[in-house]
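A.B. asks: missing the sequence, but the structure's below:
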Ligand code: BG6
């Protein structure tokens, strides 16, 4: 706070150490889906997105993800563009199948390890700090077929071996890690989240989630042992559900809906299953196998909390109304006070401030926004330029609220927009839905030169980073 001409001026710049950047996931950008001995992943089996059924891959099916934006071969050009925007961090994920193609090998695949070495070295050239997700919406398909995915306790050891391999190999290059991307999404997309196929019961899903939570904790422990100066966080889909009305029953319904996903954060940050979840399991007849070793493992809690934020929604205690109003992909009901994106995701910048404060109040651990952005149709003008003012406006309004949350006292490590370069979307595996500051010439049928070009938002984000947020419009 500084004073100027007797009037109080609040200094609302982002802190100097704040990390700025963007976030990517291996299966949405890399392509090269069989290169250098990579194995097939769950994502490779879902060419139509995370909510559609898997297809058999016999070699001639088309998936946009097979080549994606060819980051595997073009990472140098892309990193140079990120550096030009002023990124100080880049969130990437490692494809488990590049390191252990089938998931259960005793030795890792050197070719896969070597590629990520090159990627981290390139980032280091520009002083861009990698933030690495161990598993972003993919796992070896062989673990699904041969072991039944995370329903099988053996997956805990396979994942720990994978993570320890990475910590040993990259410990001097990577100091920020995340365990499972949007771990709470397993409730909506069990195959992507925990490798469970159609027909699984809710008990199967929670048992698989339990194994994943134990694995996440053991990996936190391993990270602390192997890279003492690193920090490791969890990654939650940060939804926020409002009551549809102020009737107490609706308020309580919304409260319970929020707990459905907060449960994951509660276990990962507090180290034990919360009472409300135990009650839920009892009442639903969900009996989980939880050993004494599991309970001990869960005590290894994360250093920070990362989350994605795209939209909010509502809940009501009225079952008829719930049926009548169409929910979004997260089954939340539409909010009559909010506008939506072209994909029906309701835009709510103030909700981000509420969520940041909620998480900070609940856990008192540093937070990191690792995904936020607007998926939209970008149309190049006659000169081939993209004037994506809608994206600028979306990001501007969210960042203004982020800055307010920092003023509220929330400890925030950084902000990475989702998809700083156009990529393949997760829900429907399409390229029409673009998030980037950088346009990629890739069309829905796979045609296109893959040439990169800067959108208007590229220059806007560069300015935001350079000015520590002073260029944001209130
Ligand atoms: C998050 C995922 O849920 O949302 C990303 O972590 C995903 O992988 C992003 O891409 C946006 O979703 P979509 O379906 O628009 O790609």
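C.D. replies: The structure has been received and is ready for your questions. Note that the coordinates shown come from a computational prediction; the quantities given were computed from them, not determined experimentally.

A.B. asks: next, the residue in the stretch 251-400 of the chain that the ligand sits nearest to: phi, psi?
C.D. replies: Taking CB to the nearest ligand atom, the ligand has its nearest neighbour within the stretch 251-400 of the chain at residue 375, 4.4 Å off. Just so you know, the C-beta spots here come from the backbone N, C-alpha and C atoms, and that holds for glycine as well. When read as degrees, to the nearest 10, the backbone of residue 375 gives phi -80, psi 120.

A.B. asks: try residue 193
C.D. replies: Note on residue 193: its backbone torsions stand at phi -70, psi -50 [degrees, to the nearest 10].

A.B. asks: contact partners for it?
C.D. replies: Counting by CB atoms under 8 Å, 6 or more residues apart in numbering, residue 193 touches 137, 182, 183, 185, 186, 187, 209, 212.

A.B. asks: same question, residue 209
C.D. replies: By CB under 8 Å, 6+ apart, the contact list for residue 209 reads 150, 183, 186, 187, 193, 194, 264.

A.B. asks: can you do 7 Å?
C.D. replies: 186, 194 (CB atoms under 7 Å, 6 or more residues apart in numbering).

A.B. asks: next one: it from the ligand, what distance?
C.D. replies: Relative to the ligand, residue 209 is positioned 17 Å away (CB to the nearest ligand atom, to the nearest Å).

A.B. asks: what mean pLDDT does the helix or strand containing that residue have?
C.D. replies: Residue 209 belongs to helix 202-226 when assigned by DSSP states H and E. Averaged across helix 202-226, pLDDT comes to 98.

A.B. asks: tell me which residues of that helix are tucked away?
C.D. replies: Neighbour counts over helix 202-226 (16 or more other CB atoms under 10 Å) mark 204-220, 222-223 as buried.

A.B. asks: what does this protein have sitting close to the ligand?
C.D. replies: Counting by CB under 6 Å from any ligand atom, the chain comes close to the ligand at 25, 28, 137, 181-182, 237, 308, 371, 375, 418, 425-427, 433.

A.B. asks: so who does residue 350 touch?
C.D. replies: Taking CB under 7 Å, 6+ apart as the test, what residue 350 contacts is residue 401.

A.B. asks: can you tell me the element it falls in?
C.D. replies: helix 349-363.

A.B. asks: next, the angle from the helix or strand that that helix is followed by to helix 349-363.
C.D. replies: Per DSSP H and E, the first helix or strand lying C-terminal to helix 349-363 is strand 367-371. Between strand 367-371 and helix 349-363, the angle comes out at 140 degrees (axes from the mean of the first three to the mean of the last three CA atoms, to 10 degrees).

A.B. asks: and strand 367-371, what does it pack against?
C.D. replies: The elements that strand 367-371 packs onto, with contact taken as 3 or more CB pairs under 7 Å, 6 or more residues apart in numbering; DSSP states H and E, are strand 304-308, helix 349-363, strand 412-418.

A.B. asks: now what about the last one, what contacts it?
C.D. replies: So the one you mean is strand 412-418. 18-23, 89, 91, 131, 304, 308, 356, 366-373, 395, 402, 405-406, 435.

A.B. asks: quick one: pLDDT of the residue positioned nearest the centre of the chain?
C.D. replies: The centre of the chain sits closest to residue 181, judged by CA atoms, centre = their mean, with a distance of 4.8 Å. pLDDT for residue 181: 98.

A.B. asks: what sits against it?
C.D. replies: Going by CB under 7 Å, 6+ apart, residue 181 touches 25, 93, 133, 135, 136, 137, 235.

A.B. asks: show me the helices in the stretch 51-200 of the chain, by range?
C.D. replies: In the stretch 51-200 of the chain, the segments counted as helices under DSSP state H, counting those that start in this stretch are 64-67, 71-85, 96-99, 110-125, 141-147, 154-170, 190-194.

A.B. asks: mean pLDDT for these - can I get that in TSV?
C.D. replies: TSV is the format used below for those (pLDDT from 0 to 100):
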stretch	mean pLDDT
helix 64-67	95
helix 71-85	98
helix 96-99	98
helix 110-125	98
helix 141-147	98
helix 154-170	98
helix 190-194	97
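
A.B. asks: residue 32 is nearest to which of these?
C.D. replies: Residue 32 lies closest, by CB to CB, to one member of the helices of the stretch 51-200 of the chain: helix 71-85, at 3.7 Å.

A.B. asks: give the other helices and strands that the closest one contacts.
C.D. replies: Using 3+ CB pairs under 7 Å, 6+ apart, helix 71-85 is in contact with helix 110-125, strand 452-454, helix 456-466.

A.B. asks: quick revisit: quick one: which of the contacts of residue 181 is most hemmed in?
C.D. replies: Using other CB atoms under 10 Å as the neighbour criterion, residue 235 leads these with 31 neighbours.

A.B. asks: how about the contacts made by that one?
C.D. replies: So residue 235 contacts 133, 178, 179, 180, 181, 182, 183, 306, 307, 370 (CB under 7 Å, 6+ apart).

A.B. asks: same check on residue 159?
C.D. replies: 215, 219.

A.B. asks: swap in residue 386?
C.D. replies: 378, 380, 439, 455, 456.

A.B. asks: farthest pair within those residues?
C.D. replies: Using CB to CB, the pair of the contacts of residue 386 lying farthest apart is 380 and 456, separated by 11.4 Å.
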